[in-house]
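*Asks:* Here is a sequence together with a model predicted from it:
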Amino acid sequence: MSAADGPFVVGIDSSTQSTKALVVDVATGAVVASGQAPHTVTTGAGRESDPEEWYGALRAAVAQCGDAARRASAVSVGGQQHGLVTLDARGRPVRPALLWNDVRSAPQARRLVDDLGGPKVWAERFGSVPAASFTVSKWAWLAEHEPESVRATAAVRLPHDYLTGRLTDTGTTDRGDASGTGWWAASTEAYDPDVLGRVGLDPALLPRVVGPGEVAGTVRDGDGELPFSKGTLVAAGTGDNAAAALGLGLRPGTPVLSLGTSGTVYAVSRHRPADPSGTVAGFADARGDWLPLACTLNCTLAVDRIAALLGLDREAVEQGGTATVLPYLDGERTPALPDASGLLTGLRHDTTGGQLLQAAYDGAVHALLEALDRVLEGDAEGADPAAPLLLIGGGARGTAWQETVRRLSGRGVQVPEARELVALGAAAQAAGLLTGEDPAAVARRWDTARGPVLDPVARDEETVRRISAVLGDAAPLLGRR
Ligand SMILES: Nc1ncnc2c1ncn2[C@@H]1O[C@H](COP(=O)(O)OP(=O)(O)O)[C@@H](O)[C@H]1O
Ligand SMILES: O=C(CO)[C@@H](O)[C@H](O)COP(=O)(O)O
């Protein structure tokens, strides 16, 4: 069977900066067509995007796939996690979506943690201690700051739910993305009436949670908006990190480090995570297992911004020197410093711009690697400390990112050749609907994780220690607005 024989599926990644669409051959995993269209994110105090723009970007990305998209038998959408989409009675956005990296909801998150009995109660019941990123904190923020928006809301959705709903005309989500809301309890695998009551959210406004392997719906009659035929199957979709886990065909214990707008570290686990420190979010995965994950707000965009401030290309790093940069330009989630800003210390007359840029990479990667230790702690039996880290996301293409991860982790690094692992995971989920296979097994059959392995180098203990010390010493400054 050649790649052109089909059947074909479409996998969509609606992440913070853009939407990417892939048309994939179910038999071979060959990507036969692709498209990409950008999103607009507000700057300033908050981070918001217009859900209608996401749908426009989805249509544009799929249109770029040309005729191949018309032949799709199934579609699935992976989306940025946590974002709060509020829809009115006609299904239109009441206001722009509040995104995962909007830290205005930090006070509401702190209050919610206290109100329910503290971090331990949250970790045990919900798997996660809610941060500003979580949807529940955003809903509480909205109720406090824009009660009129809350009153106008007839449906609450996550980004991938909204887009799946635009395809099917139904209100659905999945356990993976639902587990990042803060109102879906990992212990019962259901919406939690107590938390919903506390934040005044009627459960009737929430989408149905579609189970792994179930169909969310079929493509509605779209007035020619989309190239799919009416009746094309639509899979449950999931959050972008859970989709990437599917896309890698991830087995328990294999660590992933994703370098995109967010930095994330995660592994699939058979055990339900519960980290009361709040560093590790105990997300569900899209299959029925778990996805302990830690996320930073400042990754590729923050380091690119520092390169731009220095007037340097992102690869123009130089080793050595004494500078430390904590690149927390957006406040930070890991470590939990939502009110922090960027910090530079250790500057000398002979410090070069390239060394400052390297220090920014070091600061971003240090936060992820410290959190990775905690992610893997909970699943010691599955984790192989000698296994290479799977490095994905846009930043994984950069030599400076690859080398920084190697140097600060002391581990080998595998960089899959496949670029769009979130979209591939969504495609694997759609393919699973057609073939009855486990989507992760589909991805393994497609050999999506294939890519060069960069050998380990000696861990740069001195830099790790220096950054940890600066973090400790600067605590009062970083906690301050
Ligand atoms: N060749 C490259 N080297 C280093 N970084 C890159 C490269 N290509 C893209 N990037 C980074 O990837 C980021 C986008 O990553 P991506 O994973 O697509 O983001 P998103 O979080 O929106 O899914 C950009 O912010 C950019 O800094
Ligand atoms: O908040 C999280 C994970 O908890 C982020 O990882 C978002 O899911 C956004 O992802 P990207 O747009 O960076 O892929």
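*Replies:* Okay, I see it. Ligands and ions are numbered 1, 2, ... in the order given.

*Asks:* For the closest residue to ligand 1 within the stretch 51-200 of the chain, give me its contacts.
*Replies:* Nearest residue of the stretch 51-200 of the chain to ligand 1: Gln80, at 7.3 Å (Cβ to the nearest ligand atom). Heads up, the C-betas are built off the backbone N, CA and C, glycines and all. Contacts for Gln80 (Cβ atoms under 8 Å, 6 or more residues apart in numbering) come out as 14-16, 99-100, 159, 239-240.

*Asks:* If we use 10 Å, what do you get?
*Replies:* By Cβ atoms under 10 Å, 6 or more residues apart in numbering, Gln80 lies in contact with 13-17, 39, 49, 54, 97, 99-101, 158-160, 177, 180, 239-241, 260-262, 422.

*Asks:* which residues does the residue nearest to Ala336 when sequence neighbours are not counted contact?
*Replies:* Excluding the flanking residues, the one nearest Ala336 by Cβ to Cβ, 6 or more residues apart in numbering is Gly278, at 6.0 Å. Applying Cβ under 10 Å, 6+ apart, we find Gly278 in contact with 109, 113, 119, 122-123, 128-131, 294, 333-336.

*Asks:* To which secondary structure element type does Gly278 belong?
*Replies:* coil (DSSP: H, G, I helix; E, B strand; the rest coil).

*Asks:* Count the residues that sit near Ala89.
*Replies:* 10 (other Cβ atoms under 10 Å).

*Asks:* surely it meets Arg151?
*Replies:* No - in this structure, Ala89 is not within contact of Arg151 by Cβ atoms under 10 Å, at 11.5 Å.

*Asks:* Can you give me the distance of Pro452 to ligand 1?
*Replies:* Here the criterion is Cβ to the nearest ligand atom, to the nearest Å. By it, Pro452 lies 15 Å from ligand 1.

*Asks:* what's that residue in contact with, if anything?
*Replies:* 402, 413-417.

*Asks:* Out of those, which end up buried?
*Replies:* Among the contacts of Pro452, those buried by neighbour count (16 or more other Cβ atoms under 10 Å) are 402, 413-416.

*Asks:* what about Ser34, which helix or strand?
*Replies:* strand 31-38 (DSSP states H and E).

*Asks:* Quick one: list the elements packing against that strand.
*Replies:* Applying 3 or more Cβ pairs under 10 Å, 6 or more residues apart in numbering; DSSP states H and E, we find strand 31-38 packed against strand 8-14, strand 18-25, helix 51-64, helix 67-70, helix 421-435.

*Asks:* residues in contact with the very next helix or strand once past that strand?
*Replies:* Going down the chain from strand 31-38, the next helix or strand is strand 48-49, by DSSP H and E. With Cβ under 10 Å, 6+ apart as the test, strand 48-49 has contacts from 14, 16-17, 39-42, 57, 80, 83-85, 95-99, 102, 104, 159.

*Asks:* could the contacts of Gly278 go into TSV alongside pLDDT and secondary structure?
*Replies:* Putting the contacts of Gly278 into TSV (pLDDT from 0 to 100; DSSP: H, G, I helix; E, B strand; the rest coil) gives the following:
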residue	pLDDT	secondary structure
Ala109	98	helix
Val113	98	helix
Pro119	98	helix
Trp122	98	helix
Ala123	98	helix
Ser128	98	coil
Val129	98	coil
Pro130	98	coil
Ala131	98	coil
Ala294	98	strand
Arg333	96	coil
Thr334	97	coil
Pro335	97	coil
Ala336	96	coil
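
*Asks:* Show the overlap between these and what lies near ligand 2.
*Replies:* The subset of the contacts of Gly278 within reach of ligand 2, counting by Cβ under 6 Å from any ligand atom, is empty.

*Asks:* These into JSON lines, with extra columns for neighbour count?
*Replies:* JSON lines is the format used below for these (neighbours: other Cβ atoms under 10 Å):
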{"residue": "Ala109", "neighbour count": "26"}
{"residue": "Val113", "neighbour count": "19"}
{"residue": "Pro119", "neighbour count": "17"}
{"residue": "Trp122", "neighbour count": "23"}
{"residue": "Ala123", "neighbour count": "21"}
{"residue": "Ser128", "neighbour count": "27"}
{"residue": "Val129", "neighbour count": "27"}
{"residue": "Pro130", "neighbour count": "29"}
{"residue": "Ala131", "neighbour count": "24"}
{"residue": "Ala294", "neighbour count": "24"}
{"residue": "Arg333", "neighbour count": "30"}
{"residue": "Thr334", "neighbour count": "25"}
{"residue": "Pro335", "neighbour count": "19"}
{"residue": "Ala336", "neighbour count": "18"}
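
*Asks:* Please work out which residue of the stretch 251-400 of the chain is closest to ligand 1.
*Replies:* For the stretch 251-400 of the chain, Cβ to the nearest ligand atom, closest residue to ligand 1: Gly394, 2.1 Å.

*Asks:* wait, what's in contact with the closest residue to that residue other than its chain neighbours?
*Replies:* Distances taken as Cβ to Cβ, 6+ apart place Gly260 nearest to Gly394, at 5.4 Å, with adjacent residues excluded. By Cβ under 10 Å, 6+ apart, the residues touching Gly260 are 15-17, 80, 240-241, 244, 299-301, 392-396, 422.

*Asks:* With Ala360 instead?
*Replies:* 298, 302-307, 309-310, 314, 317, 323-327, 329, 342, 344, 400, 404 are the contacts of Ala360 under Cβ under 10 Å, 6+ apart.

*Asks:* Any regions of this protein where pLDDT drops low?
*Replies:* For the chain, the stretches flagged by pLDDT under 70 are 1-4, 223, 378-382, 480-481.

*Asks:* Buried residues in the lengthiest helix in it, which are they?
*Replies:* Ordering each helix of the chain by length in residues (DSSP state H) puts helix 353-377 first. Residues of helix 353-377 classed as buried by neighbour count (16+ other Cβ under 10 Å): 353-372, 374-376.

*Asks:* quick one: Arg270 and Trp290 touch, right?
*Replies:* Yes - assessed by Cβ under 10 Å, Arg270 is found in contact with Trp290 at 7.2 Å.

*Asks:* if you count what's nearby, which of the two comes out ahead?
*Replies:* Neighbour count, other Cβ under 10 Å: between Arg270 and Trp290, Trp290 has more, with 26 against 12.

*Asks:* residues of stretch 284-302 that come out buried?
*Replies:* 284-287, 289-302.

*Asks:* Equivalent analysis for stretch 176-193, please.
*Replies:* Burial within stretch 176-193, assessed by neighbour count using 16+ other Cβ under 10 Å, is assigned to 176-186, 191-192.

*Asks:* The residue of the stretch 101-250 of the chain at minimum distance from ligand 2: neighbour count?
*Replies:* Residue of the stretch 101-250 of the chain nearest ligand 2, by Cβ to the nearest ligand atom: Asp240 (4.5 Å). Counted by other Cβ under 10 Å, the residues lying close to Asp240 total 33.
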